[in-house]
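Enquirer: based on what follows, work out the 3D shape:
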Amino acid sequence: MAITWLADGRAGECRRIVGSVSRSDRLPAKLYARARCGIVAHEGFLEDALAAALGEPGVWAQLRVAHPAWHRLPDADPTAVVTQLVTAEGRADIHLRWAGLEELVIELKPWAPPSAAQMQQYVAGHPAALVTAIAQWGADYVIDGVLPMTTWGALRRLSWPGEPSAWRQLRHLIDAVGTAMPNLDPAALAALVPAWDAFDRVGHWFGPAVSAVQHRLAAAGASWVLKEGKERPGIEDAHRRLGRWVWPPPWKDGENFGLFIGLFAGNTSRDRLSAGVPDLRFMLNLNHEGARAKALWSDGAFQDAVHRWELRQDAVAREASSTWWFLLDARQPLDVLLGEADHGEAFKRWMLARTEELIDDGILARLVAVKP
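Expert: Numbering: from 1, shown residues only. Sure, this is the predicted structure:
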């Protein structure tokens, strides 16, 4: 019996339905329902698509051939493909069963592979099953009952004549999520050594810049804070950002109101301004669905200040949004700094110039005055 979730027409509310339709047939509807329910975890989408593909005739056989370590399992299609099977140790992402009582538990991770402790938990929770994993890159587990894992990249490369549409959909989804570890091309390989040195140099820019911005904000009436004792910038892989944050205390996880100062490498929702070059980025981040954002966008003085800011005419790209997580976003290709004698000092000046704009246009005053 198949179980899925459907949105019932009211945003954010879901209901569970039971039916006998094949996983492959209902896959697009289930992905849509998952998005409507607000469940946006990468792992969930990959789980739905892989489970649908494994329910198609011949798919398991192709996986088994491509992974010799899985030859301990039958070559026939599994008789059951179960998702989110609950045990005392947690939930199994995908659980395959065969008529001969063989079982395989597959733990899915979109990025880093599961830890050895996690895999040991799955073995304990499924004593009759073999256990394996799929992640962006590989890991070795010396644990009885655990088969060598595979990667999303290996699945992405697997194709055969007559493959079902569910497998093609999975491969496209892997591309869309970006969870396949790409192979290096000659240009990327040649850039490794200079990039090694460049990353170290760039890392020293952030401390002086974020400190200068924080002091300027405080002088203008915004006593915002930054994380002390952290001179190196943080890498935010999910958003492809490198930088540091300043925020009005206290930090609220649901609101996420803060100022990001750093670099942006482009992602699936927004590209860089110049191909091959990261952007300098000065971004006010805020949950657009929260009370603070609604209060700000309802404030006429704030709207006028943002309009003045957007009309500035120079090489900086400025964007405001009431429907996305950046409230205000100023960007410019990083190569603008190349002609400067001191790149770190130029980085600080660029961030301070963006700070002055918030002050001069009246934006900062409204950010301080308007309360949710």
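Enquirer: what comes up buried for stretch 356-371?
Expert: Within stretch 356-371, the residues that qualify as buried are 357-359, 361-367, counting by 16 or more other Cβ atoms under 10 Å. For the C-beta atoms, the positions are set from N, CA and C on the backbone; glycine is no exception.
Enquirer: what's the closest of these to E310?
Expert: D361 (9.3 Å; Cβ to Cβ).
Enquirer: residues touching the closest one, list them.
Expert: Shown in contact with D361 (Cβ atoms under 8 Å, 6 or more residues apart in numbering): 305-306, 308-309.
Enquirer: phi, psi of it?
Expert: Here is the backbone geometry of D361 (degrees, to the nearest 10): phi -80, psi 0.
Enquirer: can you show me the CA trace of the helix or strand hosting T83 as CSV?
Expert: T83 belongs to strand 80-87 when assigned by DSSP states H and E. Provided in CSV are the C-alpha atoms of strand 80-87 (Å, rounded to 0.1, in the frame of the first residue of the first chain):
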residue,chain,number,x,y,z
ALA,A,80,8.9,-4.0,-1.7
VAL,A,81,10.4,-0.4,-1.7
VAL,A,82,9.6,1.2,1.7
THR,A,83,10.5,4.8,2.7
GLN,A,84,10.8,6.3,6.2
LEU,A,85,10.5,3.0,8.1
VAL,A,86,10.5,3.8,11.8
THR,A,87,12.6,1.8,14.3
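Enquirer: heading C-terminal from that strand, find the next helix or strand.
Expert: strand 90-97.
Enquirer: now that next one - C-alpha only, CSV.
Expert: Only the C-alpha atoms of strand 90-97 are listed here, as CSV (Å, rounded to 0.1, in the frame of the first residue of the first chain):
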residue,chain,number,x,y,z
GLY,A,90,15.4,6.3,13.9
ARG,A,91,14.0,6.2,10.4
ALA,A,92,15.4,4.3,7.4
ASP,A,93,15.3,6.5,4.3
ILE,A,94,14.8,3.6,1.9
HIS,A,95,14.3,-0.1,2.8
LEU,A,96,14.4,-2.8,0.0
ARG,A,97,13.0,-6.3,0.6
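Enquirer: so for it, what gets flagged as buried?
Expert: 92-97.
Enquirer: among the residues you listed, which two are most distant?
Expert: D93 and R97 (14.5 Å).
Enquirer: for the record, mean pLDDT for the helix or strand where A166 lies?
Expert: Taking DSSP H and E as the definition, one finds A166 inside helix 165-177. Across helix 165-177, pLDDT averages out at 91.
Enquirer: retrieve the pLDDT associated with A190.
Expert: 81.
Enquirer: which strands and helices lie in contact with the helix holding A166?
Expert: Taking 3 or more Cβ pairs under 8 Å, 6 or more residues apart in numbering; DSSP states H and E as contact, the helices and strands that helix 165-177 lies on are helix 23-36, helix 42-54, helix 152-157.
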